[in-house]
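Trainee: have a look; sequence and predicted model below, questions after that.
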Amino acid sequence: MDDDKTPAAVQEADTTYDALRALAHLTLGTHPAPVVYGILGILKNFGSFLPQISEQLAQGLVKSLEEYDVTEYEGKDPAVSVTLDGEHLPRAAKLAQQMGEELAKSQNAIGGQGYRTAEERRRLEELRRENTGG
(Lines give C-alpha, C1' and ligand atoms only; values in the text may rest on other atoms or scores of the structure.)
Protein backbone atom coordinates (compact mmCIF):
# COMPACT_ATOMS: atom_id res chain seq x y z
CA MET A 1 0.00 0.00 0.00
CA ASP A 2 1.18 3.51 -0.76
CA ASP A 3 1.49 5.81 2.24
CA ASP A 4 -1.29 7.90 0.71
CA LYS A 5 -3.62 4.87 0.78
CA THR A 6 -2.52 3.42 4.11
CA PRO A 7 -5.35 3.84 6.61
CA ALA A 8 -4.62 6.26 9.44
CA ALA A 9 -5.07 3.49 12.03
CA VAL A 10 -2.32 1.44 10.37
CA GLN A 11 -0.05 4.48 10.24
CA GLU A 12 -0.64 5.16 13.96
CA ALA A 13 0.03 1.51 14.85
CA ASP A 14 3.29 1.74 12.89
CA THR A 15 4.24 4.95 14.69
CA THR A 16 3.49 3.27 18.03
CA TYR A 17 5.67 0.33 17.09
CA ASP A 18 8.52 2.67 16.14
CA ALA A 19 8.16 4.53 19.44
CA LEU A 20 8.23 1.30 21.46
CA ARG A 21 11.25 0.06 19.54
CA ALA A 22 13.04 3.36 20.27
CA LEU A 23 12.04 3.11 23.93
CA ALA A 24 13.49 -0.40 24.07
CA HIS A 25 16.84 1.05 23.01
CA LEU A 26 16.59 4.09 25.29
CA THR A 27 15.88 2.01 28.39
CA LEU A 28 19.14 0.10 28.16
CA GLY A 29 21.36 1.02 31.08
CA THR A 30 20.71 2.52 34.47
CA HIS A 31 17.73 4.75 35.23
CA PRO A 32 16.76 6.15 38.65
CA ALA A 33 13.31 5.45 40.04
CA PRO A 34 11.76 8.85 39.18
CA VAL A 35 12.63 8.33 35.51
CA VAL A 36 11.30 4.76 35.55
CA TYR A 37 8.22 6.00 37.41
CA GLY A 38 7.48 8.45 34.59
CA ILE A 39 7.93 5.82 31.91
CA LEU A 40 5.71 3.34 33.76
CA GLY A 41 3.07 6.03 34.20
CA ILE A 42 2.77 6.30 30.47
CA LEU A 43 3.13 2.60 29.62
CA LYS A 44 0.44 1.52 32.07
CA ASN A 45 -2.05 3.33 29.85
CA PHE A 46 -1.56 0.63 27.25
CA GLY A 47 -3.53 -1.57 29.63
CA SER A 48 -6.52 0.71 29.12
CA PHE A 49 -6.22 1.36 25.42
CA LEU A 50 -5.24 -2.07 24.10
CA PRO A 51 -8.42 -3.77 25.38
CA GLN A 52 -10.52 -1.02 23.80
CA ILE A 53 -8.59 -1.27 20.54
CA SER A 54 -8.88 -5.08 20.54
CA GLU A 55 -12.62 -4.96 21.09
CA GLN A 56 -13.10 -2.37 18.38
CA LEU A 57 -10.98 -4.35 15.93
CA ALA A 58 -12.99 -7.51 16.60
CA GLN A 59 -16.27 -5.64 16.07
CA GLY A 60 -14.93 -4.02 12.92
CA LEU A 61 -13.92 -7.38 11.49
CA VAL A 62 -17.40 -8.77 12.03
CA LYS A 63 -18.95 -5.73 10.36
CA SER A 64 -16.48 -6.00 7.48
CA LEU A 65 -18.06 -9.30 6.51
CA GLU A 66 -21.29 -7.42 5.83
CA GLU A 67 -19.85 -4.27 4.28
CA TYR A 68 -17.15 -5.76 2.01
CA ASP A 69 -16.78 -8.66 -0.33
CA VAL A 70 -14.24 -10.38 1.91
CA THR A 71 -12.20 -13.17 0.34
CA GLU A 72 -9.67 -15.60 1.73
CA TYR A 73 -7.01 -17.73 0.11
CA GLU A 74 -7.76 -21.27 -0.99
CA GLY A 75 -11.51 -20.61 -0.90
CA LYS A 76 -11.71 -20.69 2.89
CA ASP A 77 -14.64 -19.03 4.64
CA PRO A 78 -13.61 -15.59 5.94
CA ALA A 79 -16.24 -15.84 8.69
CA VAL A 80 -14.33 -18.77 10.21
CA SER A 81 -11.16 -16.69 10.43
CA VAL A 82 -13.05 -13.74 11.90
CA THR A 83 -14.60 -16.05 14.51
CA LEU A 84 -11.14 -17.40 15.39
CA ASP A 85 -9.83 -13.85 15.63
CA GLY A 86 -12.77 -13.08 17.93
CA GLU A 87 -11.45 -15.74 20.30
CA HIS A 88 -7.89 -14.40 20.37
CA LEU A 89 -8.51 -10.65 20.64
CA PRO A 90 -10.46 -10.84 23.94
CA ARG A 91 -7.67 -12.93 25.48
CA ALA A 92 -5.11 -10.41 24.26
CA ALA A 93 -7.26 -7.61 25.70
CA LYS A 94 -7.39 -9.31 29.09
CA LEU A 95 -3.62 -9.79 29.10
CA ALA A 96 -3.14 -6.13 28.14
CA GLN A 97 -5.39 -5.08 31.00
CA GLN A 98 -3.38 -7.25 33.39
CA MET A 99 -0.18 -5.74 32.00
CA GLY A 100 -1.49 -2.24 32.70
CA GLU A 101 -2.43 -3.22 36.25
CA GLU A 102 1.02 -4.72 36.88
CA LEU A 103 2.76 -1.67 35.43
CA ALA A 104 0.68 0.53 37.76
CA LYS A 105 1.70 -1.63 40.74
CA SER A 106 5.31 -1.43 39.62
CA GLN A 107 5.05 2.34 39.39
CA ASN A 108 3.49 2.57 42.85
CA ALA A 109 6.25 0.41 44.32
CA ILE A 110 8.91 2.99 43.46
CA GLY A 111 6.77 6.10 43.88
CA GLY A 112 8.59 7.32 46.97
CA GLN A 113 12.10 7.19 45.59
CA GLY A 114 14.22 10.16 44.65
CA TYR A 115 17.86 10.50 43.66
CA ARG A 116 20.86 12.77 43.49
CA THR A 117 23.35 12.87 40.68
CA ALA A 118 26.94 11.95 41.46
CA GLU A 119 27.84 15.65 41.38
CA GLU A 120 25.00 16.58 43.76
CA ARG A 121 26.01 13.78 46.12
CA ARG A 122 29.65 14.93 46.07
CA ARG A 123 28.63 18.53 46.88
CA LEU A 124 26.39 17.35 49.72
CA GLU A 125 29.22 15.30 51.21
CA GLU A 126 31.55 18.31 50.97
CA LEU A 127 28.98 20.47 52.77
CA ARG A 128 28.60 17.88 55.50
CA ARG A 129 32.36 17.69 55.98
CA GLU A 130 32.58 21.48 56.16
CA ASN A 131 29.73 21.64 58.71
CA THR A 132 31.20 18.90 60.90
CA GLY A 133 34.72 20.21 60.66
CA GLY A 134 36.02 17.01 59.04
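Mentor: Yep, that arrived.

Trainee: tell me, how many residues neighbour the residue nearest to residue 110 when sequence neighbours are not counted?
Mentor: Leaving aside its chain neighbours, residue 110 sits nearest to residue 33 (4.2 Å; criterion: C-beta to C-beta, 6 or more residues apart in numbering). Using the backbone N, CA and C atoms, a C-beta is placed for each residue, glycine as well. Residues near residue 33, counting by other C-beta atoms under 10 Å, number 16.

Trainee: quick one: contacts for residue 33?
Mentor: 110, 113-115 (C-beta atoms under 8 Å, 6 or more residues apart in numbering).

Trainee: of those residues, closest to residue 64?
Mentor: residue 110 (43.5 Å; C-beta to C-beta).

Trainee: what residues are up against the closest one?
Mentor: For residue 110, the contact set (C-beta under 8 Å, 6+ apart) comprises 33, 36-37.

Trainee: picking up where we left off before, switch the contacts of residue 33 over to CSV; also include secondary structure.
Mentor: Converted to CSV, the contacts of residue 33 look like this (DSSP: H, G, I helix; E, B strand; the rest coil):
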residue, secondary structure
110, coil
113, coil
114, coil
115, coil
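
Trainee: so which of those wins on neighbours?
Mentor: residue 110 (13 neighbours).

Trainee: burial count for the closest residue to residue 48 other than its chain neighbours?
Mentor: Leaving aside its sequence neighbours, residue 48 sits nearest to residue 100 (C-beta to C-beta, 6+ apart; 5.9 Å). Applying other C-beta under 10 Å, we find 19 residues neighbouring residue 100.

Trainee: make 58 the starting number, not 1.
Mentor: Got it, first residue is 58 now, which makes that one residue 157.

Trainee: list the buried residues for the host helix or strand of residue 157?
Mentor: Assigned by DSSP states H and E, residue 157 belongs to helix 135-166. By 16 or more other C-beta atoms under 10 Å, the buried positions in helix 135-166 come out as 139, 146, 150, 153-154, 157, 160-161, 164.
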